[in-house]
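Participant: Any chance you can model this:
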Amino acid sequence: MTALPDFADQFQAHDRRSALREPVDAVDGPGGMAGRFAMFCAATALMMAAAGIWMFPAPDHAVMLVKLGASLGMFGAGAVLLSGLNGTQGMARVEIDAGRDEIRTYDRELRGRVFLTGRYRMSDFAEIRLCNRTFFARDTAGQLVVSVPVRSRSQERAIRSALSLA
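Facilitator: From the prediction side, this is the model:
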């Protein structure tokens, strides 16, 4: 049986990541405040339209079935957009720099600001591997320092080539 800490700040990895917290200037990719606000507005509009379509009476049952399908589709699309707002923030970003022989980890705030949360030498790791579309790195004490999913084959090839250079 294994007992895990109840809170995230009880993990040692959290202490290491929150100790080094340098803001990074460039914010690349989606996740800025304007993009998140646009997604929220679109999701809200779709969900309100799904309810608003029922304000007008239908002349027969066929039109009512069309309205049902349209309202379910709009509500579903709005729910998908709303769930996408939450999912993009939990993902950490990892850079493998073979030139400097280091791995850097970044976190993104809700407002879109990116912070450097870790800088590790490649020689400090006892294990670095890519298995089942997940990139793992463990330090010499055996603690998991980096664990991020790899989304595409091109990212997987880039990681493999960077690890072969290091």
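
Participant: Leaving out the residues flanking it, which one is nearest to Asp97?
Facilitator: Setting aside the residues directly before and after it, Asp97 is nearest to Arg104 in space (Cβ to Cβ, 6 or more residues apart in numbering), at 6.7 Å. Where you see a C-beta, it was placed from the backbone N, CA and C, and this is true even at glycine.

Participant: Mind telling me what element the one you found is part of?
Facilitator: Assigned by DSSP states H and E, Arg104 belongs to strand 102-108.

Participant: Dump that strand to CSV, restricted to CA.
Facilitator: C-alpha atoms of strand 102-108 as CSV (Å, rounded to 0.1, in the frame of the first residue of the first chain):
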residue,chain,number,x,y,z
GLU,A,102,20.0,21.0,-20.0
ILE,A,103,16.3,20.4,-19.7
ARG,A,104,14.1,23.4,-18.8
THR,A,105,10.5,23.2,-17.5
TYR,A,106,7.9,25.9,-17.9
ASP,A,107,4.4,26.5,-16.5
ARG,A,108,1.7,28.7,-17.8
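
Participant: So what are the sheet partners of that strand and their directions?
Facilitator: strand 93-97 (antiparallel), strand 114-121 (antiparallel) (DSSP bridges).
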